[in-house]
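S.K.: Need a 3D model of the following:
(one chain, ligands or ions: 1)
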Amino acid sequence: MKIVGKYPTTRLRRIRNSEWMRRLTSENNISIDDLILPIFIRDGKNKVDKIKTMPGVFRYSVDKLSLIMNKAKKMKIPMVAFFPYTPSNKKDKDGSEALNKDNLICRSIKYAKKYYPNIGIMCDVALDPYTSHGHDGVLINNDVDNDKTIKILVKQALLQAEMGCDVLAPSDMMDGRIGEIRKALDKKNFKNISIISYAAKYASNFYGPFRDAVGSTKNLKSNKKSYQMDFRNSNEAFREIGLDIREGADIVMVKPGLPYLDIIKNIKDNFKIPVFAYQVSGEYSLIKFGINKGLIKDEAILESLLAFKRAGASAIITYFALDLAKKLKN
Ligand code: PBG
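M.R.: Have a look, this model is predicted:
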């Protein structure tokens, strides 16, 4: 890159010194079209719980989902992502509740597709909300067994597809699951259901509040380093991405978000496929608590989300989706 110009003939402050000029010369922007809203669902009736570690985020019982779905509709949020808080008496070692056609996710998909047909629905494919040990798959000799887990994930994916889910998002990090899920979907003629692969998903410390939100913190006694990625690595992420694209992923995701902007940028430059970023729960809560304590201004929300656009993300899954949408509307 060649930098031309020289002070005093070149003064970069000339393109910064008024609001209208900054608008004209801005290189990146974010819009409501870029936002995906995650929603937590719980059992019971007439329930809306606060989540202590995520101020401003709630869990809704299915009959109360309209509270947040109406906001998403009004703001024209393109897609929401559902996550279940499974009661502990429904968790077991194989996560069998994942395959119950009346589970929280299945009921939410049916409800949302009936009353909000124009909002995309995305659901995770992974077993951690349903397992008594909190891992994303089934354990054999204390390690998540790849191929046995895939067999269950394929069933979970098909069930969610049957319920009307538009986008399946395998977040489990098993090797080869995208190909198996795609093959099973196509065989059942679900050719239009897309797959967003959590392809570069790191074994991260930033998922803490989410595990609280879905009630898996107490269950998980170890870590997920035998399947989620090592945060020292980037080449490995590109190998993950390449394999998942070849197996049939329509969109790839990088997760967490802000600490991994280098990965997003590199994928965008090299693979020419839509890349989504997940601004995860820990990132959300750090910013939110910072704002609530008066340490930082709430424009930090926009700044954090715009960073993803600069890096090349097409869309961002963020617990700030409604806050930002409201700001952008005004
Ligand atoms: C589960 C899953 C996790 C998140 C999304 N899907 C947590 C994990 O892998 O332990 C994290 C999202 C967040 O922190 O906001 N497969």
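S.K.: Show me which residues of the stretch 1-150 of the chain sit near the ligand.
M.R.: 124, 126, 128, 136 (C-beta under 6 Å from any ligand atom). (Each C-beta comes from the backbone N, C-alpha and C, glycine too.)
S.K.: Out of those residues, flag the one nearest to the ligand.
M.R.: When these are ranked by distance to the ligand (C-beta to the nearest ligand atom), Ala126 comes first, at 3.8 Å.
S.K.: Could you report the neighbour count for that closest one?
M.R.: 25 (other C-beta atoms under 10 Å).
S.K.: for the nearest residue to it once chain neighbours are set aside, what are its contacts?
M.R.: Among residues not flanking Ala126 along the chain, Asp172 sits closest, at 4.0 Å (C-beta to C-beta, 6 or more residues apart in numbering). By C-beta atoms under 8 Å, 6 or more residues apart in numbering, the contact set of Asp172 is 125-128, 136-137, 149, 153, 198, 227.
S.K.: Same check on Thr53?
M.R.: Applying C-beta under 8 Å, 6+ apart, one finds that Thr53 lies in contact with 208-209, 212-213, 281, 285.
S.K.: mind checking how far the residue nearest to Thr149 when sequence neighbours are not counted is from Ser226?
M.R.: Leaving aside its chain neighbours, Thr149 sits nearest to Gly137 (3.0 Å; criterion: C-beta to C-beta, 6+ apart). Remark: distance between Gly137 and Ser226 (C-beta to C-beta, to the nearest Å) = 10 Å.
S.K.: Just put the residues of the stretch 1-150 of the chain next to the ligand in CSV and tack on secondary structure and pLDDT.
M.R.: Formatted as CSV, these follow (DSSP: H, G, I helix; E, B strand; the rest coil; pLDDT from 0 to 100):
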residue, secondary structure, pLDDT
Asp124, strand, 98
Ala126, coil, 98
Asp128, coil, 96
Asp136, coil, 97
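S.K.: Closest one to Val275 out of these, please.
M.R.: Closest approach between those and Val275, by C-beta to C-beta: Asp124, at 18.0 Å.
S.K.: And for that closest one, the neighbour number?
M.R.: 25.
S.K.: how about the residue lying closest to Val62 once chain neighbours are set aside, secondary structure?
M.R.: Closest residue to Val62 apart from its sequence neighbours, by C-beta to C-beta, 6+ apart: Arg107 at 5.0 Å. What DSSP: H, G, I helix; E, B strand; the rest coil gives for Arg107 is helix.
S.K.: before we move on, what about Ala200?
M.R.: With three-state DSSP as the criterion, Ala200 reads strand.
S.K.: when you scan stretch 258-274, is anything in it near the ligand?
M.R.: No. When contact is scored as C-beta under 6 Å from any ligand atom, no part of stretch 258-274 falls within range of the ligand; the minimum is 12.5 Å.
S.K.: Would you mark the buried spots in that stretch?
M.R.: Neighbour-count burial for stretch 258-274 flags 258, 260-261, 263-268, 273-274 (criterion: 16 or more other C-beta atoms under 10 Å).
S.K.: Quick one: residues in contact with the longest helix along the chain.
M.R.: Counting by DSSP state H, the longest helix found in the chain is helix 146-163. Applying C-beta under 8 Å, 6+ apart, the contact partners of helix 146-163 are 94-95, 98-99, 101, 105-106, 109-110, 113, 123, 125-127, 136-138, 140, 168, 170, 172, 174-177, 180-181, 184-185, 188, 190, 193, 227.
S.K.: Can you identify the element that follows it toward the C-terminus?
M.R.: Following helix 146-163 in sequence order, the next helix or strand is strand 167-170 (DSSP states H and E).
S.K.: Can you name the residues of the stretch 201-330 of the chain sitting close to the ligand?
M.R.: With C-beta under 6 Å from any ligand atom as the criterion, the stretch 201-330 of the chain meets the ligand at residues 207, 210-211, 224, 280-281.
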